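Enquirer: Below: sequence and its predicted model.
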2 protein chains.
Amino acid sequence: MRYCEIRYFCRMIKKVYKANILYTKERGRFEILENGCVAVDADGRVTDVATDLSSIDCGDAEVVDFGDRLLVPAMNDLHVHAAQYRNQGIAMDLELLPWLQNYTFPEEMKYADTGYAGRMYRRFVRDLWRVGTMRACAFATIHTESTRVLMRLFREAGMGALVGKVGMNRNCSEKLSEPVERMVQGYESLIAEFNDPHGLVRPIVTPRFIPSCTPGMLRACGELAAKYHLPVQSHLSENRDEVALVRELEPESTCYGDAYDRYGLFGQTPTVMAHCVFTESEEMALMKKRGVMVAHCPTSNLNVTTGIAPVRQFLDEGLRVGFGSDISGGHNLSIFQMMVYAIQMSKLHYQRNHARSFLTLSEVFWMATKSAGSFFGRVGSFEPGYEFDALVIDDRGLNFDDYSLPERLERFIYLGDDRHIERRFCRGREIPEP
Amino acid sequence: MRYCEIRYFCRMIKKVYKANILYTKERGRFEILENGCVAVDADGRVTDVATDLSSIDCGDAEVVDFGDRLLVPAMNDLHVHAAQYRNQGIAMDLELLPWLQNYTFPEEMKYADTGYAGRMYRRFVRDLWRVGTMRACAFATIHTESTRVLMRLFREAGMGALVGKVGMNRNCSEKLSEPVERMVQGYESLIAEFNDPHGLVRPIVTPRFIPSCTPGMLRACGELAAKYHLPVQSHLSENRDEVALVRELEPESTCYGDAYDRYGLFGQTPTVMAHCVFTESEEMALMKKRGVMVAHCPTSNLNVTTGIAPVRQFLDEGLRVGFGSDISGGHNLSIFQMMVYAIQMSKLHYQRNHARSFLTLSEVFWMATKSAGSFFGRVGSFEPGYEFDALVIDDRGLNFDDYSLPERLERFIYLGDDRHIERRFCRGREIPEP
């Protein structure tokens, strides 16, 4: 644990929020505090969470009463291509290859222009805010200056983001290929600006995926991560053909994950891998050993015709799992909708295999909050010591009958949208519309 | 064809609407009229659709210009349980049986109270309006007077609906069982009030499904349909256990559909059957022969853990197919979202079987409009003679770059919601919020 427990007790409570509080300390069980309260210190960390105000030593803290509203941890998006935002929700009836060639790569090329990048990234950050996502692991493009634009927009907004300038130098158009040295220089220039290890916005080392990166590129990525202790993100075992190609490209590796591992890109620093649809037992064992996080992207896996990731098995094996919207393979930016799809996909997956059960609401909620949040530090819960990332949900339009608190939360997750998210907090600070 | 062609030419054009018009005459191809116009007569029928105003003899018709907005046919929902509206989006991580016993049946019992029914049905009709559904095949409950409340609400709203008082008298709680004679009397009393064969709101004969109905009940339903020439709706081959149970209950039938057929409930009058997940070749052949419509309910099939209906095969075999939201097995009332899910499900279904291709956007759009609309008459297209059921889509919030018209429609379908539906028309009349 990076922060010393004693700190919470020394710190003055700055604000106490009252509301109907729902969160998940453990996978598979909601903590529900009807008219509960949560106390937050000047650093934006939770100091206490309780069923009533009298059990908290508030001192002269300001008490903010949200009445009958719901207060839940904010969402974390572990895999999203910021530079594909323009293509969200188009060409959704194509298969992977024509979709990449005709839509994705031509779009990413436009980000050589920082003006275009600024226009698009501004919308992207605002819409992320809208859907209640306060922390994201985002792919930018190969372009250093456009990536810087995105990082600055996140910093101005006050939202948390690990932003990846993309490394790629093979099997792609020349316009999306960057020499290794220039990639390293670009990273170092971003690191120089975003150099606070406790800052909300930081670079994340981002080799696109093994087929797009020469061994030299992968080695340089691993060295960057080690030298600056930066986290790593990439794609893993998304598609059968891709898995076969990686086997050809990296014949000495025992599995796709092992190929990353050999370059120091698989848990040597905190690592998140998107998809893992075709991850089998050996890869799972390595992920567990290295603490590699899975970014489960159910809508993308459907849209891009990959399949269903074995999420129940990941959880049973003790792997870390969160959600990614994966715009624009995914069409929906809301992590609440990822919860819905994850339950649905697991029902389909385990329908024919009753040895494992499908995911429940409290499990997917835990995945989206405490589990995914752990990639950003102590984020995603209201336990003391956690950074206060929170959403205030005004569900009056949905709550027209005698619904219980868990039912109200479920209805918001299934039926609600950004209209029902009234206020957003990241690290204790209320975040206005960017 | 019930209406004589000559009628359209004699009729005076009443209004001409200008907009970007998108619709599907044929499965698999959009008709796209940039700044096109559609002329509608006093009966609410399209008389002409053209790329520009000069080619229409407008006379002194009022021209309404929707500018850069999209004009598309309104949505048709072929399967929705109006009386389960309160339960939309709750208990979504249960399997079928506990969900029925603990949530669905207790809820339907409340509809013995017409006051409760009025409160809930009013919300239901308004929300159907919100999501752009102008015609629906709705299940009510066994209760005649509550069913009448729902029918009156639809009539007041000016929306089209076939509303089913539910027939059920076995394998259910006594409170949801009604003797055959009382069922028939109830129907006749509804028919007496809603007796216009061209009216927008009519009764539809609704045996819940074979396991809930004795042979006497099924026979009476078939007789009612024949006597009053009423359409029929029910459930078909949703679940493996259900299919096996029907085989036991109706041992002389060659398939589930054949069991309905023997009671005159399978195409003797216009018939729509929900789900058809486990429909095989014999049942398909009978459905084709009888013109039975499939109500494909992809979200419900996921939520209730049934599986994926073979929709591509239905289309290849020439079956009629449309969509059902199937609230509250389905969680989403929007037929636009059914299109999204249908494409996604077909990708998953045909991923392992490349002999058949997955559904495209123009195909699901056609299913939702012209194909489903045919259950209500000449509905779902802008061809001359069709009733003008339409939505005006204001997609400015989504259309921030140089998108083509098909891309704008796709983005609205994937990302849009009721906020983007600006105006709604049913049979030529603009429908205000009910």
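Expert: Everything's here; your move.

Enquirer: Would you mind naming what in the stretch 151-300 of chain A lies close to chain B?
Expert: A:Thr299 (CB under 8 Å from any CB of the partner chain). C-beta here means a position set from N, CA and C on the backbone, and glycine is covered the same way.

Enquirer: so which residue of the stretch 151-300 of chain A comes closest to chain B?
Expert: Nearest residue of the stretch 151-300 of chain A to chain B (CB to the nearest CB) works out as A:Thr299 at 7.7 Å.

Enquirer: separation between the residue lying closest to A:Gln84 once chain neighbours are set aside and chain B?
Expert: Among residues not flanking A:Gln84 along the chain, A:Ser328 sits closest, at 3.9 Å (CB to CB, 6 or more residues apart in numbering or on different chains). Distance, A:Ser328 to chain B, by CB to the nearest CB, to the nearest Å: 10 Å.

Enquirer: what's around A:Ser328, how many residues?
Expert: For A:Ser328, the count of nearby residues is 26 (other CB atoms under 10 Å in any protein chain shown).

Enquirer: What of A:Lys15?
Expert: With other CB under 10 Å as criterion, A:Lys15 counts 19.

Enquirer: What of A:Asp401?
Expert: 13.

Enquirer: who touches it in this structure?
Expert: By CB atoms under 8 Å, 6 or more residues apart in numbering or on different chains, the contact list for A:Asp401 reads B:Arg86.

Enquirer: and it, helix, strand or coil?
Expert: Recorded secondary structure, A:Asp401: coil (DSSP: H, G, I helix; E, B strand; the rest coil).

Enquirer: quick one on the thing from earlier: now do the same contact list for the residue nearest to A:Gln84.
Expert: Contacts for A:Ser328 (CB under 8 Å, 6+ apart) come out as A:His81, A:Gln84, A:Tyr85, A:Arg86, A:Asn87, A:Gln88, A:Gly89, A:Ile90, A:Tyr103, A:Thr104.

Enquirer: so the residue of the stretch 151-300 of chain A closest to chain B is in which element?
Expert: Element membership for A:Thr299 (DSSP states H and E) is helix A:298-303.

Enquirer: separation between the closest residue to A:Phe323 other than its chain neighbours and A:Thr104?
Expert: Nearest residue to A:Phe323, sequence neighbours excluded (CB to CB, 6+ apart): A:Met338, at 4.0 Å. As for A:Met338, its distance to A:Thr104 is 20 Å (criterion: CB to CB, to the nearest Å).

Enquirer: who's more crowded, the two?
Expert: Legend: neighbour count by other CB under 10 Å for A:Met338 and A:Thr104, higher for A:Met338 (30 against 19).

Enquirer: Contact partners for that one?
Expert: A:His296, A:Cys297, A:Pro298, A:Thr299, A:Phe323, A:Gly324, A:Ser325, A:Gly330, A:Asn332, A:Val364, A:Ala368 are the contacts of A:Met338 under CB under 8 Å, 6+ apart.

Enquirer: May I have the secondary structure class of the closest residue to A:Arg290 other than its chain neighbours?
Expert: Among residues not flanking A:Arg290 along the chain, A:Gly267 sits closest, at 2.5 Å (CB to CB, 6+ apart). Per three-state DSSP, the secondary structure class of A:Gly267 is coil.

Enquirer: What of the one 5 residues further on?
Expert: Reduced to three states with three-state DSSP, the structure at A:Val272 is strand.

Enquirer: Name the nearest residue to it, sequence neighbours excluded.
Expert: Closest residue to A:Val272 apart from its sequence neighbours, by CB to CB, 6+ apart: A:Met293 at 4.3 Å.

Enquirer: What's opposite that neighbour in the beta bridge?
Expert: Beta-bridge partners recorded for A:Met293 (DSSP bridges): A:Val272, A:Arg320.

Enquirer: what does the model give it for pLDDT?
Expert: We have a pLDDT of 98 for A:Met293.

Enquirer: Kindly report the same for A:Tyr3.
Expert: Per the predicted model, pLDDT is 43 at A:Tyr3.

Enquirer: likewise A:Cys58?
Expert: Note on A:Cys58: pLDDT of 77.

Enquirer: do the same with A:Glu430
Expert: Looking at A:Glu430, the pLDDT reads 97.

Enquirer: Confirm for me that it is in contact with A:Arg424.
Expert: Yes. With contacts counted by CB atoms under 8 Å, A:Glu430 reaches A:Arg424, the gap being 7.0 Å.

Enquirer: picking up where we left off before, can you tell me which of the contacts of A:Ser328 are in helices?
Expert: Assignment to helices by DSSP state H places none of these there.

Enquirer: Would you mind checking these for buried ones?
Expert: Buried by 16 or more other CB atoms under 10 Å in any protein chain shown: A:His81, A:Gln84, A:Tyr85, A:Arg86, A:Asn87, A:Gln88, A:Gly89, A:Ile90, A:Tyr103, A:Thr104, out of these.

Enquirer: Can you add pLDDT and give those back as CSV?
Expert: Converted to CSV, the buried ones among the contacts of A:Ser328 look like this (pLDDT from 0 to 100):
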residue, pLDDT
A:His81, 98
A:Gln84, 97
A:Tyr85, 97
A:Arg86, 97
A:Asn87, 96
A:Gln88, 97
A:Gly89, 96
A:Ile90, 94
A:Tyr103, 93
A:Thr104, 94
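
Enquirer: where does the stretch 251-400 of chain A have low pLDDT?
Expert: Counting by pLDDT under 70, the ranges of the stretch 251-400 of chain A that qualify are A:352-355.

Enquirer: Please enumerate the strands of it.
Expert: Ranges of strands within the stretch 251-400 of chain A are A:271-275, A:293-296, A:320-323, A:390-393, based on DSSP state E, counting those that start in this stretch.

Enquirer: sorry, back to before: which elements pack onto the helix holding A:Thr299?
Expert: Contacts defined by 3 or more CB pairs under 8 Å, 6 or more residues apart in numbering or on different chains; DSSP states H and E place helix A:298-303 against helix A:335-351, helix B:335-351.

Enquirer: what's that helix in contact with?
Expert: Residues from elsewhere that reach helix A:298-303 (CB under 8 Å, 6+ apart): A:92, A:238, A:275, A:277, A:306-309, A:323-326, A:329-332, A:337-338, A:341-342, A:344-345, B:344-345, B:347-348.

Enquirer: ok so, going back, show me which of A:Glu430 and A:Arg424 is the more surrounded one.
Expert: For A:Glu430 versus A:Arg424, the count of surrounding residues by other CB under 10 Å is larger for A:Arg424: 24 against 13.

Enquirer: Name the SS class of that one, please.
Expert: strand.

Enquirer: Could you verify my assumption that it touches A:Arg130?
Expert: No. Using CB under 8 Å, A:Arg424 is not in contact with A:Arg130, being 9.0 Å away.

Enquirer: does chain B sit close to stretch A:388-400?
Expert: Yes. On the criterion CB under 8 Å from any CB, stretch A:388-400 is in touch with chain B at A:Leu398, A:Phe400.

Enquirer: buried residues in that stretch?
Expert: Quick answer for stretch A:388-400 (16+ other CB under 10 Å): A:Phe388, A:Asp389, A:Ala390, A:Leu391, A:Val392, A:Ile393, A:Asp394, A:Asp395, A:Leu398, A:Asn399.

Enquirer: Leaving out sequence neighbours, find the closest residue to the second one.
Expert: If the residues on either side of it in the chain are set aside, A:Asp389 comes closest to A:Ala74, at 4.0 Å by CB to CB, 6+ apart.

Enquirer: Around that neighbour, count how many other residues there are.
Expert: By other CB under 10 Å, 27 other residues sit near A:Ala74.

Enquirer: OK, contacts around it?
Expert: Counted by CB under 8 Å, 6+ apart, A:Ala74 has contacts A:Gly132, A:Thr133, A:Met134, A:Arg135, A:Thr369, A:Asp389, A:Ala390, A:Leu391, A:Arg424, A:Phe425, A:Cys426.

Enquirer: so how far is A:Val64 from A:Phe425?
Expert: Per CB to CB, A:Phe425 is found 11 Å from A:Val64.
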